[in-house]
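Trainee: quick one: sequence and predicted model below, then my questions.
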Amino acid sequence: RRADALCGRSVGRFAYRVVGHHRSSRGEQDDLIATVLVPPVRFDRFTRKDLLSSTQHARASNGLLAALPRKDRLHFIAGCDEVDLVLYDVLCEPGDRMRHAYFPTVGFISLLVPIEGTTCLEVGLIGYEGMIGTPLVLGVATSPLRAVVQGIGSCLRMESASFRRECRHCPSLKATLDRY
C-alpha cells in the first residue's frame, strides 16, 4: 500500500523504489522499500566543453594519486591507461597473478573472499580513494582476493611490471602507498 504510493516516485530530494519482497508470518507479501538520495543535477546546463574538462579532471581524481606531488602524479598517470569499469567484471581472482594495478576514479570495486564453495564474503570496497593491487606494493605477485566491479565508472590501470618499477623509482609514490 505505501509501496504502491512511493515506488519509483521522487519526493523532494529522495526517490523510493522496491528492492525486494518479504512474506510476513501471516503469509502476506510486503514490499521492501529503499530510500535513495537523489542529487540535484541539471544536465541541460552542461556543454561539450564542460564534459571534456570533467573527463580530464577525472584522470587525477583518485585520492592516492592526488596525494602525490604534481610532477610525480603526472609522470605516473602518463604510464596508465584509462579503462571503463563494467558492472560485474572480475579484475582478479584469488591465487592468480596480478596483471594490473587499478586506481578507480569513478565507480567502486568489491573485494571478496571465497568461502564454502561458491559463496563469497565482501571484505572491502574500493572507490576513488584507493587502489586494487596492494599485494604488488608489498612485493607479492598473486592476489589473495577476488575483485569485482560493483559500481560502473572508470579507472586508471597500469601493468604490474610497470607499477613495481614506478614504486621502486618514485619515493613519494612508495611512501603514499605504504601509508595506504
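Mentor: Received the coordinates, thanks. Numbers count the residues shown, from 1 in each chain.
Trainee: and the longest strand seen in the chain, what does it pack against?
Mentor: Secondary structure of the chain per DSSP state E: the longest strand is strand 100-115. Where contact means 3 or more Cβ pairs under 8 Å, 6 or more residues apart in numbering; DSSP states H and E, strand 100-115 is packed against strand 81-85, strand 90-92, strand 119-126, strand 146-159, helix 160-169. The C-beta positions use only the backbone N, C-alpha and C, and glycine is treated the same way.
Trainee: could the ones you listed go into TSV alongside mean pLDDT?
Mentor: Shown next, in TSV, are the helices and strands packed on strand 100-115 (pLDDT from 0 to 100):
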stretch	mean pLDDT
strand 81-85	95
strand 90-92	96
strand 119-126	93
strand 146-159	96
helix 160-169	95
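Trainee: L136: which of these is closest?
Mentor: Closest of the helices and strands packed on strand 100-115 to L136 is helix 160-169, at 5.5 Å (criterion: Cβ to Cβ).
Trainee: what sits up against the closest one?
Mentor: For helix 160-169, contacts defined as Cβ atoms under 8 Å, 6 or more residues apart in numbering pick out 76, 79, 97-101, 133, 136-137, 139, 141, 158, 173-174, 177.
Trainee: return a PyMOL selection command for the buried portion of these.
Mentor: Buried subset of these, written as a PyMOL selection, criterion 16 or more other Cβ atoms under 10 Å:
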select buried, resi 76+98+100+101+133+136+137+158+173+177
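Trainee: sort out for me which of the contacts of helix 160-169 are in helices.
Mentor: Residues of the contacts of helix 160-169 located in helices (DSSP state H): F76, L136, V137, L173, K174, L177.
Trainee: among those, which one sits closest to V83?
Mentor: Nearest to V83 among these: F76, at 15.6 Å, using Cβ to Cβ.
Trainee: so who does the closest one touch?
Mentor: Contacts here follow Cβ under 8 Å, 6+ apart; on that basis F76 touches L65, L68, M158, E166, C170, L173.
Trainee: the fourth one: neighbour count?
Mentor: It refers to E166. Other residues near E166 come to 19 when the count uses other Cβ atoms under 10 Å.
Trainee: quick one: it and P114, what's the gap?
Mentor: 30 Å (Cβ to Cβ, to the nearest Å).
Trainee: and the second one, by the same measure?
Mentor: The gap separating L68 from P114 is 34 Å, by Cβ to Cβ.
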